[in-house]
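>>> My questions are about this predicted structure, shown below with the sequence.
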Amino acid sequence: MLAAAALLILAGACTPPVRSGPAPAGVVSVALVDSVPFETEMHDGVLHRVQVRTPAGLDTIPNVLTQLLPIVLADGSVRGFAFDGADLRSAFAWHPARRVELLPLPDDADRWFTTPAFSPDGRYLAYVAYREEGGFGRGMVRRDVTGAVVVRTDSIEVPGTDAAVNFAKWLDAETFEIYLEVGDPGWHRFTGTVSAGVTRNDTVAAAEVVRPDL
């Protein structure tokens, strides 16, 4: 009883969550808590810890700081991305047995100028592969983190800048959008599905694009 009371007191003393995510009822929910500032030569910012709520209580995922709210899968596990300052460090998986795995990203994944995304069911990873030589990027979709490539978009030229933040997002468990910043026109967008590949290939103005909440 004393241990449980102490846990409640500590939980109440934590910084309120920055934002929280939906989850299957009664299984688990996640929230970003605390604010851990970082400074680099190019960027200053804030990272957060990930708090997991299960029927057994609260837990903070160890050795993980992130900018992005993780997703919760139907089995109660959590998938997300760990950061080291402004740089994407790895993906991670947290399991209901309170075990965390750091998952190396694909070798071709851009870790500096791209925000990747897991599909809502956790089966696929969408990201941007960037080739510094020549300044070309393309969208990629893989099974899981380092599984087979299921979608590879055309390669397009992107500006050589450290200000670009290309990103991927999912509209549902099958449908993705991958955005590459192309300078003055705005963003080049690849839209498609896992089963059909790229179904739309267009350019949208910067004002029309909502980037992930970093």
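Cool, the structure landed.
>>> Surely residue 47 and residue 66 touch.
Yes - between residue 47 and residue 66 there is a contact under C-beta atoms under 8 Å: 6.3 Å. Glycine gets a C-beta too; all of them are placed from N, C-alpha and C.
>>> low-scoring stretches of the chain, by residue?
Confidence mapping of the chain against pLDDT under 70 gives the ranges 1-27, 132-134, 160-164, 213-214.
>>> just the helices in it please.
Applying DSSP state H to the chain gives helices spanning 2-13.
>>> returning to that earlier point: now the common contact residues for residue 47 and residue 66.
Both residue 47 and residue 66 are in contact with residue 83, where contact means C-beta atoms under 8 Å, 6 or more residues apart in numbering.
>>> can you pull the contacts of the nearest residue to residue 120 once chain neighbours are set aside?
Among residues not flanking residue 120 along the chain, residue 173 sits closest, at 5.0 Å (C-beta to C-beta, 6 or more residues apart in numbering). The neighbours of residue 173, taking C-beta under 8 Å, 6+ apart as the test, are 119, 120, 121, 123.
>>> Tell me the backbone dihedrals of the residue lying closest to the third one once chain neighbours are set aside, please.
Counting by C-beta to C-beta, 6+ apart, residue 173 is the residue found nearest to residue 121 once chain neighbours are left out, at 4.6 Å. Taking degrees, to the nearest 10, you get phi -70, psi -10 for the backbone angles of residue 173.
>>> thinking again about what came up before, quick check: the farthest pair among the contacts of residue 173?
120 and 123 (9.1 Å; C-beta to C-beta).
>>> on that earlier part again, if you look at the contacts of residue 173, which of them are in strands?
Nothing among these maps onto strands, per DSSP state E.
>>> would you turn the residues you listed into CSV with neighbour count and distance to residue 34?
Converted to CSV, the contacts of residue 173 look like this (neighbours: other C-beta atoms under 10 Å; distance: C-beta to C-beta, whole Å):
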residue, neighbour count, distance to residue 34
119, 22, 28
120, 17, 26
121, 14, 29
123, 16, 30
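>>> Please verify my assumption that residue 109 contacts residue 131.
No - Residue 109 lies out of contact with residue 131 (C-beta under 8 Å); the separation is 11.9 Å.
>>> And these two? Which one has more around it.
Remark: of residue 109 and residue 131, residue 109 carries more neighbours, 20 against 13, as counted by other C-beta atoms under 10 Å.
>>> residues contacting the residue nearest to residue 140 when sequence neighbours are not counted?
In space, residue 140 comes closest to residue 129 once its chain neighbours are excluded; the distance is 5.1 Å by C-beta to C-beta, 6+ apart. Residues in contact with residue 129, defined by C-beta under 8 Å, 6+ apart, are 106, 108, 109, 110, 137, 138, 139, 140.
>>> for residue 138, same thing?
Residue 138 sits next to 128, 129, 152, 153, 154, 155, 156 when contact means C-beta under 8 Å, 6+ apart.
>>> Are any of these buried, and if so which?
The neighbour count (16 or more other C-beta atoms under 10 Å) marks 128, 129, 153, 156 as buried among the contacts of residue 138.
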